[in-house]
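A.B. asks: Here you go, sequence then predicted model.
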Amino acid sequence: MLTVVCDSAGRDNTTDPATSTSSLIDDIVREGARRMLAEALQAEVDDYVARFADVRDDNGHRLVVRNGSHAPRDVLTSAGSVPVVAPRVNDKRVDPQTGERQRFSSAILPAWARKTPRIEQVLPLLYLHGLSTGDFVPALGQFLGSAKGLSASVITKLTESWRAEQHAFAQRDLSSVDYVYLWADGIHVNVRLDETRLCLLVLIGVRADGRKELVALTDGYREATESWADLLRDCLRRGMRAPVLAIGDGALGFWGALREVFPETAEQRCWFHKISNVLAALPKSAHPGAKKALAEIWNAEDKAHALDAMKAFEAAYGAKFPKAVAKITDDLDQLLAFYDFPAEHWVHLRTTNPIESTFATVRNRSRITKGPGSRAAGIAMAFKLIEAAQARWRAVNAPHLVALVRAGARFRNGVLVERPEHDAA
């Protein structure tokens, strides 16, 4: 049991009670984390040793035994800096094929670990928020109670390793992966490069098994067709097949590039961006009614009802606000393209939410990093941010239908057409 003993005699009476209580809570949390980690490591080693208790040498001695403890070290966790003394194992078994000694490796705390994965995930997030790498040590050191493992050289090594990972990712072969759906967006983040802010061109795809996955990431100009064309050409060069449907904001230069590189891919405009554009062309007093009218379009049960709702929207707002209505009518076919795909997928196909949600915390911040930033570091940080988020992405609804979409199956108003030849006749 964890016991807290307060030394009232040695306490400074001038100490702020709130600060003292906060410090005490931090100490309790760290001590609890230390004890639980120690018990988990001990249980892991005991299990390993017990598993090979019957493995002995010619003299009957065990080949796998406890062998004291490793040198103490501090591990940075979300609870702060936690001191750890890991038990050590002496494994004398020899691999008969390679002739090398077997080694025990802790799955809980690898020998190289000095910080938990969550700490490594927060570093790129802070960078994209506008915190320079030089500020990591004082900022996190104060928050975590220790700056061990957060020296400038450690941060530099981390960013260098992330750059190497991002470079390898950008060069990987895409011929063995099939992306059926593709989301595209340009995200501005708070890394200033000379006189401009870094804009990330992001592609996220849905594989044939329904899983979402980062396809490509680079920097460029959001509205520039050539920036997107370079990215798509690179994907094509590395073996990427044309997606069946691409989803994105109508203002992107992506569409011109898509028609050049993958002309057979269908287009779906993002309703989230489109609604924002329409509302920007309307007075605020009209926003509540317009939102409701627009929802009648994108949330209609089928394409016929969506077209009827579109006519009602045009009748209500066309005379007074023709520019707002034109933003819908000019892209109507692309806004309603999702009706030709499985109804279970509509919620995924109407917006670029997978990209929006991943960068929601960093895309519209007012604070910019001081001085010029590093382009490579910005891309590497964004890559690590997406990589961490990707582990939490869920597959699309009804993932088994994605393969049917790739196979060319026809859907009408979200329903599979069983015999399209018969219907056409």
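C.D. replies: Structure's in. What do you need?

A.B. asks: What about residue 62, how many residues nearby?
C.D. replies: Neighbour count for residue 62, taken as other CB atoms under 10 Å: 15. In short, each C-beta sits where N, CA and C put it, glycine included.

A.B. asks: same deal with the one 5 residues further on?
C.D. replies: In terms of burial, residue 67 registers 14 neighbours under the definition other CB under 10 Å.

A.B. asks: Test my guess that it contacts residue 88.
C.D. replies: Yes: contact criterion CB atoms under 8 Å: residue 67 and residue 88 qualify, at 4.7 Å.

A.B. asks: Any chance you could list what contacts stretch 56-70?
C.D. replies: 45, 48-49, 51-53, 55, 85-93, 104 (CB atoms under 8 Å, 6 or more residues apart in numbering).

A.B. asks: So what does residue 175 look like in phi/psi?
C.D. replies: Main-chain torsions, residue 175, degrees, to the nearest 10: phi -70, psi -20.

A.B. asks: Could you report the distance from it to residue 234?
C.D. replies: Look at residue 175 and residue 234: by CB to CB, to the nearest Å, they are 13 Å apart.

A.B. asks: and if you look at residue 85?
C.D. replies: From residue 85 to residue 234 the distance is 49 Å (CB to CB).

A.B. asks: Residue 230 touches residue 221, doesn't it?
C.D. replies: No: contact criterion CB under 8 Å: residue 230 and residue 221 do not qualify, at 10.6 Å.

A.B. asks: The stretch 101-250 of the chain: strands as residue ranges?
C.D. replies: 179-193, 196-207, 212-219, 245-248 (DSSP state E, counting those that start in this stretch).

A.B. asks: so what's residue 145 scoring on pLDDT?
C.D. replies: Predicted confidence (pLDDT) for residue 145: 55.

A.B. asks: Ignore what I typed, I meant residue 171.
C.D. replies: 96.

A.B. asks: Kindly report the same for residue 109.
C.D. replies: In this model, residue 109 carries a pLDDT of 73.

A.B. asks: For residue 82, see how far away it is.
C.D. replies: Counting by CB to CB - residue 109 and residue 82 are separated by 10 Å.

A.B. asks: Check residue 69 too.
C.D. replies: Applying CB to CB to residue 69 and residue 82 gives a distance of 16 Å.

A.B. asks: Ok, residue 172 next?
C.D. replies: Distance from residue 172 to residue 82, by CB to CB: 36 Å.

A.B. asks: So which of these two has more stuff around it?
C.D. replies: The residue with more neighbours, out of residue 172 and residue 82, is residue 82; 24 against 11, by other CB under 10 Å.

A.B. asks: okay, now the domains of this structure?
C.D. replies: Annotated domains of the chain cover 1-9+16-114, 168-416 [automatic domain parsing].

A.B. asks: In the stretch 51-200 of the chain, mark out all the helices, start to finish.
C.D. replies: Remark: helices assigned in the stretch 51-200 of the chain by DSSP state H, counting those that start in this stretch are 117-129, 136-144, 152-170.

A.B. asks: any idea of the angle the longest one forms with strand 212-219?
C.D. replies: Helix 152-170 and strand 212-219 are oriented at 110 degrees to each other (axes from the mean of the first three to the mean of the last three CA atoms, to 10 degrees).
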